[in-house]
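Undergrad: Any chance you can model this:
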Amino acid sequence: MWSVVCFYVARAHRRQGVSVVLLEGAASFARRRGARILEGYPVDPRESDYADAFAWTGTAAAFRAAGFTEARRVSPVRPIMRRELGA
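TA: Modelled structure (predicted):
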């Protein structure tokens, strides 16, 4: 299993889908190198307006948009997201 643990997206490019593209690229990179599962630990904010500083692990919405599903929830705002990459 491989993990995506954090992102840095420049302020001018935030909230434009960059994280989704990065996650898709990470999945492709991991798959080509033999990974079968890619996991991430994003935030799932209860409010739509939250400080960008709290989203450095990504958002659950971005992970869902990149084909990840929730595997487990460790707190109300911290899901574990997983994407099966195949053999």
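Undergrad: Just give me the longest helix of the protein.
TA: Determined from DSSP state H, the single longest helix within the chain is helix 18-32.
Undergrad: Skip ahead from that one and say which helix or strand is next.
TA: Going down the chain from helix 18-32, the next helix or strand is strand 37-40, by DSSP states H and E.
Undergrad: What strands flank that next one, and is each parallel or antiparallel?
TA: Strand 37-40 has its sheet partners listed here by DSSP bridges as strand 2-4 (parallel), strand 78-84 (antiparallel).
Undergrad: Low-confidence regions, this protein specifically.
TA: Along the chain, the model assigns pLDDT under 70 to residues 48-54, 87.
Undergrad: wouldn't residue 77 be in contact with residue 47 here?
TA: No. With contact defined as C-beta atoms under 8 Å, residue 77 does not count as touching residue 47 (10.0 Å). From N, CA and C alone the C-beta is placed, and that goes for glycine too.
Undergrad: okay, these two: which has more neighbours?
TA: Neighbour tally, residue 77 and residue 47, criterion other C-beta atoms under 10 Å: the higher count belongs to residue 77, 14 against 5.
Undergrad: Give the full set of residues in contact with the more buried one.
TA: 43, 44, 45, 46 (C-beta atoms under 8 Å, 6 or more residues apart in numbering).
Undergrad: what do you get for residue 42?
TA: 55, 57, 58, 59, 60, 62, 63, 78, 79, 81.
Undergrad: What is the burial count for the closest residue in space to it that isn't next to it in sequence?
TA: Leaving aside its sequence neighbours, residue 42 sits nearest to residue 58 (C-beta to C-beta, 6 or more residues apart in numbering; 4.1 Å). Neighbours of residue 58 under the rule other C-beta under 10 Å: 24.
Undergrad: Next: the one 10 residues further on.
TA: Neighbour count of residue 68, defined by other C-beta under 10 Å: 24.
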